[in-house]
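Chemist: A predicted structure for the sequence below; I have some questions about it.
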Amino acid sequence: MLQSTLLRRAAPSIARRALSSTAESSSSVMTLNFNLPHETIYSGAAVSQVIVPGAAGEYGVTADHVPVVAQLKAGVLQIMHEGAAAEPEKYFVPGGFSITHENSVTDISCPEAVKLDDIDPAAVTSNFEAARSAYSSAEAGSAAQAEAQIDMEVYRSMGSAVGVTLS
């Protein structure tokens with residue numbers, strides 16, 4: 001009983017201290033490093049937020065975010081630039097990894113990234129159909145069938161990103 005009384009009295013002051021120290025040290029800017037094997041898209045860029053297509057679900061990262069390591073799924077990576085009221089910069093990524101560090105730095109590494117505006121919906125549809133054909137004609141359980149299935153899933157995600165429904 002004494003413990004619960006002490007805890008009840010101490011909890012508000014502990015919470016105030018934790019919140020005040022967080023508020024004093026927080027910043028609205030985070031640092032983004034976005035790399036591909038053949039190109040660095042951003043190195044040390046100051047941004048306000050990044051929306052990551054995590055394999056466990058989409059999530060946003062801002063300054064002072066808790067450290068997290070996430071595998072990316074095929075989807076849209078959105079970058080909100082500092083002070084920009086405009087639309088976020090959007091890239092389609094087929095997968096990769098995101099590592100958010102304690103010091104408001106996020107590193108994103110992907111095998112490829114394409115600006116959403118550069119994707120041709122007709123090409124996505126035809127490539128999806130080609131992958132579906134390759135899947136159907138491949139031997140069941142073969143590596144060729146598995147590769148075609150991966151291609152179909154990536155093109156389906158890419159189609160979804162540009163407003164094309166593929167089934």
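Modeler: Done, it's in.
Chemist: correct me, but Ser109 touches Leu32?
Modeler: No. Using CB atoms under 8 Å, Ser109 makes no contact with Leu32, being 11.9 Å away. Every C-beta, even on glycine, is put in place using the N, C-alpha and C of the backbone.
Chemist: When these two are compared, which one has more neighbours?
Modeler: The residue with more neighbours, out of Ser109 and Leu32, is Leu32; 22 against 15, by other CB atoms under 10 Å.
Chemist: and the helix or strand that contains the more buried one, what other elements does it pack with?
Modeler: Per DSSP states H and E: Leu32 is located in strand 30-36. For strand 30-36, the elements it packs on are strand 39-54, strand 75-81, strand 105-109, judged by 3 or more CB pairs under 8 Å, 6 or more residues apart in numbering; DSSP states H and E.
Chemist: Neighbouring strands of it in the sheet, and parallel or not?
Modeler: Here strand 30-36 is paired, per DSSP bridges, with strand 39-54 (antiparallel), strand 105-109 (parallel).
Chemist: residues in contact with Ala148?
Modeler: Each residue near Ala148 by CB atoms under 8 Å, 6 or more residues apart in numbering is listed here: 131-132, 134-135, 138.
Chemist: out of these, which is most surrounded?
Modeler: Going by other CB under 10 Å, Ala131 tops the contacts of Ala148 with 21 neighbours.
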